[in-house]
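Visitor: please find the sequence and the predicted model below.
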Amino acid sequence: MINRGLQCYIRDIHGVDVWEETCEQAKLSFYNFETMLTYDDATTEDLLKSFSTLINRSREEILEDFGTYVVSEETLSAVRRLLKLGGNNYVDFLQSLNFVYDRAKMAVPDLDIPTMELIANAPNQFTLHTRFQKRGYGAALLGLLRALADDYGALVSIEHCHKSQKFADEDCFNITILREDWSSEKYLELVKH
């Protein structure tokens, strides 16, 4: 699913020509990933490396943009709706992350997703700890968290720290909710005054 998602992201945002050039530089013998097929992790890494070189952006920047794309693009609105089942506001959504791993494993046992633990430090301050077997994907979760904050109308500050462990990556997200009822209209109103 990650490979198919990256394919859609690159094609939709950067165009078919960039996607095909990325595949050629990654030495792939095809241009389309199938959602339910399993691909070698090296294929994904080759794809990311080729795309990074082609557009001159870091892997982390690409993955953060990809996380934002997953939530904000209309073509993937089913993913956004699924994530928003977590609650009516951003705090509810954050609290639902503690249960994502178990629910996903029940539905798709072979799906490789991070375990997540949310700690409430104050009513508007949270720390999200994640462990992921796949290396370096915390940046995608950062993009997803930021895009969902915007979708819920929350103004947030998120600090991301990353640690590589022997068998998994650990990512920590310190999230401060500055306002829950934030919108671009309110921002424009404030700027006018």
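Guide: Ah, there it is.

Visitor: which pLDDT value does the model give the residue nearest in space to the middle of the chain?
Guide: Taking C-alpha atoms, centre = their mean as the criterion, Gly67 is the residue nearest the geometric centre of the chain, at 2.7 Å. Predicted confidence (pLDDT) at Gly67: the value is 93.

Visitor: helix or strand with the lowest mean pLDDT in this structure?
Guide: Lowest mean confidence among the helices and strands of the chain (mean pLDDT, DSSP states H and E): helix 184-192, at a mean of 51.

Visitor: returning to that earlier point: how close does the residue nearest to the centre of the chain get to Leu145?
Guide: With distances taken as C-beta to C-beta, to the nearest Å, Gly67 is found 8 Å from Leu145. C-beta coordinates here come from the backbone N, C-alpha and C atoms, glycine included.

Visitor: try Leu48
Guide: Using C-beta to C-beta, one gets 20 Å for the distance from Leu48 to Leu145.

Visitor: more neighbours, those two?
Guide: With neighbours defined as other C-beta atoms under 10 Å, Leu48 and Leu145 compare such that Leu145 has more, 23 against 19.

Visitor: which element is the closest residue to that one other than its chain neighbours on?
Guide: Ranked by C-beta to C-beta, 6 or more residues apart in numbering and with sequence neighbours excluded, the top spatial neighbour of Leu145 is Ile158, at 5.9 Å. Taking DSSP states H and E as the definition, Ile158 sits inside strand 155-164.

Visitor: in its sheet, what does that strand sit against?
Guide: strand 169-179 (antiparallel) (DSSP bridges).

Visitor: so how far is the partner strand off the chain centroid?
Guide: Here strand 169-179 shows a centroid-to-chain-centroid distance of 13 Å under the convention C-alpha atoms, centre = their mean, to the nearest Å.

Visitor: quick check: buried residues in it?
Guide: Of all the residues in strand 169-179, those buried under the rule 16 or more other C-beta atoms under 10 Å are 169, 171, 173, 175, 177.

Visitor: and stretch 149-167, by the same measure?
Guide: Those would be 149-150, 152, 154-156, 158, 160, 162, for stretch 149-167 by 16+ other C-beta under 10 Å.

Visitor: now the end-to-end length of that stretch.
Guide: As for stretch 149-167, its first-to-last residue distance stands at 30 Å under the measure C-alpha to C-alpha, to the nearest Å.

Visitor: now stretch 81-89
Guide: With C-alpha to C-alpha as the measure, the ends of stretch 81-89 fall 13 Å from one another.

Visitor: which residues touch it?
Guide: 71, 92-97, 144, 148, 151-152, 154, 180 (C-beta atoms under 8 Å, 6 or more residues apart in numbering).

Visitor: same check on stretch 126-142?
Guide: Where contact means C-beta under 8 Å, 6+ apart, the residues beyond stretch 126-142 that reach it are 2, 41, 59-61, 63-64, 66-67, 70, 94, 97, 112-121, 145, 158, 160, 162, 164-165, 167-175, 177.

Visitor: quickly list what Asn174 is bridged to.
Guide: On the basis of DSSP bridges, Asn174 takes part in beta bridges with Thr127, Glu159.
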